[in-house]
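In: Generate a structure from the sequence data that follows.
(one chain, ligands or ions: 2)
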Amino acid sequence: MKVLKFGGTSVGSAENIRKVKQIVKSQPDDVVVVVSALGGITDKILNAAKMAVLGTEYFNTEITEIRTRHEVVVDDLFEGEQKLEVWEEVSLLLDELARIIRGVSMIGELTPKTMDKIGGFGERLSSYIIAQFIDHAKWIDASQMIKTDSAFGRALVDFKLTNQLIQDAFSGFSGICVAPGFVSSNSAGEYTTLGRGGSDYTASIFAAALNVSVLEIWTDVDGFMTADPRIIRKAYTIESLSYSEAMELSHFGAKVIYPPTILPVYQKNIPVQIKNTLRPEGEGSLIRSSQPNGKDRPIKGISSISNISLITVQGLGMVGVTGISMRLFGALARENINVILISQASSENSISFAVDTLKAETAEEAIRIEFDREITGQQINKIEVENELSIVAIVGENMKHTTGIAGKLFNTIGKNGINIIAIAQGASELNISWVVKDSDLRKTLNVVHESFFLSENVEVNIFLLGIGLVGGNLLKQILQQQEKLLKEKHLKLKLVGVANSKKMLLDRDGIAIEGFKERLDAEGQASDLKAYKEAVIRMNIFNSVFVDCTASDYSSDLYADLLNANVSIVTANKVAASSDYENYLKLKKIAKQKGIKFLFETNVGAGLPIINTLNDLVNAGDQILKIEAVLSGTLNFIFNTISAEVPMSQTIKMAKDEGYSEPDPRVDLSGIDVVRKLLILVRESGYKIDREDVAINKFIPDAFFDGSMEDFWSGISGLDADFEARRKLLEAENKCWRFVAKYENGQAEVGLQEIEQGHPFFDLQGSNNLVMFTTERYHEFPMIIKGYGAGAEVTAAGVFADIIRVSNL
Ligand SMILES: NC(=O)C1=CN([C@@H]2O[C@H](COP(=O)(O)OP(=O)(O)OC[C@H]3O[C@@H](n4cnc5c(N)ncnc54)[C@H](OP(=O)(O)O)[C@@H]3O)[C@@H](O)[C@H]2O)C=CC1
Ligand SMILES: N[C@@H](CC=O)C(=O)O
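Out: Ligands and ions are numbered 1, 2, ... in the order given. Next up is the predicted model:
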């Protein structure tokens, strides 16, 4: 024999009831079918009663809607004579319900006893309809078999009597019978109920009493999921879990099964199969007896409860005093307040506990009354209530066998900037639960799910600013590489924000790179740096990285706030790292404190591994003694391209067209770009330096940089003749121009130099860069890094590599 229980959605419409019939009919065994009320009906009944007692006439509307829902179902399921018979019986029940509710309205009183009497009408109605619809099914009145005390609202079952009554009723039974869930009665025969969700419990009580082979709970979800699928899209069904795991997950908010359901079947070792009525072919989840084995995943699922308040009772007078906890929780119990989590400091000077926010005020009052004497005597000096909180719990029997779970958990959460307000872990090591702000819940669930369930894939969420040459190339490269990274490196790169100077678009579900431009144009809002930053922070997405591919002077003003919100930064823009030394240091410090990344490898030498190498040298204890470098791709290209045929002004245009120059090439020509790079190298070498400490030897007069861009382009050709004359002389001497950056003994300078043949800079082709580090260890022969130092493609590749570095959180 089997017990099958169908929930409110499963029996919520005629169409679904047909599915139920199909499932029941396909069973080879004898079956007991336990059903809930039609979805939403119990709420309507209870609401009608509440409206009635308040004296509003709205209860009549609810009664009409309840009647209509049943009428529609009966009308659809039955035909002819049977329809009339069924409707007559259903009508009688509905009339009785309406009479009681009108009575409530007249006397203006709604007792728990009356609530229980009317609360079960939904199940009585649905079970009768379904019993009539399934041919040869027998209807039984579960309320007369499940016997309870008289605690109306949440009655306690008398198992001895109940088991006997069920066993007697089913002695010699075969076939199909249908019973209402949720309903029970006391010794006086008055209706009681088993608590909301109690139909599961009814089914479990039947299953245990009849010692069936399996209890099947048919619901509207696929089973227990690794997390709430409304928040975690990638949550998946847990195939099998132990009774304890199911109980813990249910307790902490997974509304798959009513928690008390577990105990009767657990005691009889009856497996519970959770199945989806709307997708019966799915595997579902199997709850059964299982021992921790060290092989399964350590964590089976994450669940959470929102709208929690944390109440902290604190006082030095609590230390070492026995009975405090007993009095505290006794006071709460007297008010029927369910305590969801408890956390106590080992110093005993404070106890924090979590309750449903709706109960917080009552709980606080109960404590104040209980500890009135201690509060007056200042042994207890603080009762603090924090609202808008959520509890998150990870559950798994195998945590017992795995070290480092808590370490990994809190490390991941911390790195994502989520503040943990309280923690509780039972000695059974079955669950770790903690309290976070409601506003951090989504991020917490994502972070934890990602690291414990999809650990084969790390997701990095990218907010891109700037989609010009570098940003545009970056997106192309990500698109090209995305699949491979996911497959081979289990790295999922997700674009969740994109902006240029005109429009910005943010979408936590991801922005497809193919066609992103069209979507940005169509859906984007007017671009605004501050608004973009605030949206990034507000979205509070885990593993986020802000990628700056602009040359904006202002985007770096956003970095501190972003880093403080635990958003890593990858930037091609040199403004931040070359800003005031204090600001540079501050940004690095925040990133370090937060355990996130502030990366700017492309700021010097584009895609060349210059900064990382420098960091490696310094971290390994080397000391940088001298830096000599050609750091401008644009200027090197200009000096390598200028000839009798190609004048200087034309080479500038060519450098811009090639994507070597800054959006404003005057930044290159003025030497500012090289100054920025030298500052960054010197700082990363461990020295304090600011812009005024760098001497600049410009080769184009300042007057050319003062006017507008148009002035610049129209005037610059005026220098061509002079440059050509000087170039010829240089060529005759077998020398070349290089714009050189140098740092040694605290002296920093940049400027144009005439380089002789044989010097490492002499043969530097095209837009290449070259850096020579003379260090304590690389002394006689300096370390040289050389290669493409500019260009959108290599720069984008460098930014890409930095983004990948962020994923090693
Ligand atoms: N090219 C190279 O070799 C290297 C470049 N870099 C750095 O890369 C960065 C980008 O260069 P590049 O791609 O050539 O520049 P582009 O001019 O091609 O692109 C700049 C992008 O930034 C956007 N932008 C500018 N200001 C803002 C703003 N206030 N808000 C939002 N978006 C803005 C622009 O939008 P819109 O189009 O609407 O104006 C554009 O999308 C620069 O900082 C540069 O120094 C670093 C190393 C090497
Ligand atoms: N404009 C820069 C680009 C790289 O930083 C250069 O020319 O080197």
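In: Could you look up the SS state of the closest residue to ligand 1 within the stretch 1-150 of the chain?
Out: Going by C-beta to the nearest ligand atom, ligand 1 is nearest to residue 9 of the stretch 1-150 of the chain, at 47.0 Å. Where C-beta positions appear, they are placed from N, C-alpha and C, glycine not excepted. Three-state assignment for residue 9 (DSSP: H, G, I helix; E, B strand; the rest coil): coil.
In: got it, and residue 605?
Out: Under three-state DSSP, residue 605 falls in the coil class.
In: so what's the backbone phi/psi at it?
Out: When read as degrees, to the nearest 10, the backbone of residue 605 gives phi 70, psi 20.
In: ok so, going back, for the residue of the stretch 1-150 of the chain closest to ligand 1, list the residues it contacts.
Out: Listed by C-beta atoms under 8 Å, 6 or more residues apart in numbering, the contact set of residue 9 reads 16, 39, 219, 220, 277, 278.
In: residues of the helix or strand hosting residue 585 that come out buried?
Out: Taking DSSP states H and E as the criterion, residue 585 maps to helix 581-594. By neighbour count on 16 or more other C-beta atoms under 10 Å, the buried set for helix 581-594 is 581, 583, 584, 587, 588, 590, 591, 594.
In: How far does that helix sit from its chain's centre?
Out: In terms of C-alpha atoms, centre = their mean, to the nearest Å, the gap separating the centre of helix 581-594 from the centre of its chain is 26 Å.
In: Is the helix or strand that comes right after that helix in proximity to ligand 1?
Out: Downstream of helix 581-594, the first helix or strand assigned by DSSP H and E is strand 598-599. No: between strand 598-599 and ligand 1, judged by C-beta under 6 Å from any ligand atom, nothing touches; the nearest distance is 12.8 Å.
In: please renumber so the chain begins at 41
Out: Yep, numbering from 41; the last one is strand 638-639 now.
In: Can you give the strand pairings for strand 638-639, parallel or anti for each?
Out: As defined by DSSP bridges, the strand partners of strand 638-639 come to strand 608-611 (parallel).
In: And the top helix by length along the chain, how far out from the chain middle?
Out: In the chain, assigned by DSSP state H, the helix with the most residues is helix 120-147. Distance, stretch centre to chain centre, for helix 120-147: 48 Å (C-alpha atoms, centre = their mean).
In: The closest residue to ligand 1 within the stretch 291-440 of the chain: what's it in contact with?
Out: Ligand 1 sits closest to residue 428 of the stretch 291-440 of the chain, with a gap of 33.7 Å, by C-beta to the nearest ligand atom. Residues in contact with residue 428 (C-beta under 8 Å, 6+ apart) are 347, 397, 477, 478, 479.
In: now the helix or strand containing it: how far from the chain's centre is it?
Out: Following DSSP H and E, one finds residue 428 within strand 422-435. Distance of strand 422-435 from the chain centroid (C-alpha atoms, centre = their mean) equals 18 Å.
In: Which SSE is immediately downstream of it?
Out: helix 445-455.
In: Which neighbouring elements make contact with that following helix?
Out: Helix 445-455 is packed against strand 471-477, helix 481-492, with contacts defined by 3 or more C-beta pairs under 8 Å, 6 or more residues apart in numbering; DSSP states H and E.
In: Residues of the protein that sit close to ligand 2?
Out: With the criterion set to C-beta under 6 Å from any ligand atom, the chain comes near ligand 2 through 646, 672, 673, 674, 700, 701, 702, 708, 713, 829, 830.
In: Buried ones among those residues?
Out: When these are checked for burial by 16+ other C-beta under 10 Å, the buried set is 646, 672, 673, 674, 700, 701, 702, 708, 713, 829, 830.
In: same for ligand 1: which of these are within range?
Out: 646, 673, 700, 702, 830.
In: residue contacts, the closest residue to the second one other than its chain neighbours?
Out: The one in question is residue 673. Leaving aside its chain neighbours, residue 673 sits nearest to residue 830 (2.4 Å; criterion: C-beta to C-beta, 6 or more residues apart in numbering). With contacts defined as C-beta under 8 Å, 6+ apart, the neighbours of residue 830 are 646, 672, 673, 674, 677, 699, 700, 701, 807, 809.
In: how about these, which pair is most distant?
Out: By the measure C-beta to C-beta, 699 and 809 form the most distant pair in these, at 14.9 Å.
In: And stretch 423-440, how far out from the chain middle?
Out: In this view, stretch 423-440 has its centroid 16 Å away from the chain centroid, taken as C-alpha atoms, centre = their mean.
In: buried stuff in that stretch?
Out: Buried, per 16+ other C-beta under 10 Å, within stretch 423-440: 423, 426, 429-439.
In: Counting neighbours, what do you get for the nearest residue to residue 298 once chain neighbours are set aside?
Out: Excluding the flanking residues, the one nearest residue 298 by C-beta to C-beta, 6+ apart is residue 237, at 3.3 Å. Look at residue 237: counted by other C-beta atoms under 10 Å, it has 19 neighbours.
In: Identify the residue of the stretch 691-840 of the chain closest to ligand 2, quick one.
Out: The minimum distance from the stretch 691-840 of the chain to ligand 2, using C-beta to the nearest ligand atom, falls at residue 830 (3.9 Å).
In: Can you tell me the SS state at that residue?
Out: Three-state assignment for residue 830 (three-state DSSP): coil.
In: Extract the C-alpha set from stretch 511-518 and format it as CSV.
Out: Extracted as CSV, the C-alpha positions of stretch 511-518 are listed here (Å, rounded to 0.1, in the frame of the first residue of the first chain):
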residue,chain,number,x,y,z
GLY,A,511,36.1,48.1,-24.5
GLY,A,512,34.6,47.0,-27.8
ASN,A,513,37.5,44.6,-28.5
LEU,A,514,37.2,43.3,-24.9
LEU,A,515,33.6,42.3,-25.6
LYS,A,516,34.6,40.6,-28.8
GLN,A,517,37.3,38.6,-27.1
ILE,A,518,35.0,37.6,-24.2
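In: tell me which residues of it are tucked away?
Out: 511, 512, 513, 514, 515, 517, 518.
In: Which helix or strand contains the fourth one?
Out: Read it as residue 514. helix 509-524.
In: Which neighbouring elements make contact with that helix?
Out: Applying 3+ C-beta pairs under 8 Å, 6+ apart, we find helix 509-524 packed against strand 498-505, strand 531-539, helix 832-846.
In: same thing but 10 Å
Out: Identification of packing neighbours for helix 509-524 by 3 or more C-beta pairs under 10 Å, 6 or more residues apart in numbering; DSSP states H and E yields strand 498-505, strand 531-539, helix 556-563, strand 584-588, helix 832-846.
In: Give me the angle between that helix and strand 531-539.
Out: Per axes from the mean of the first three to the mean of the last three C-alpha atoms, to 10 degrees, the angle that helix 509-524 makes with strand 531-539 is 150 degrees.
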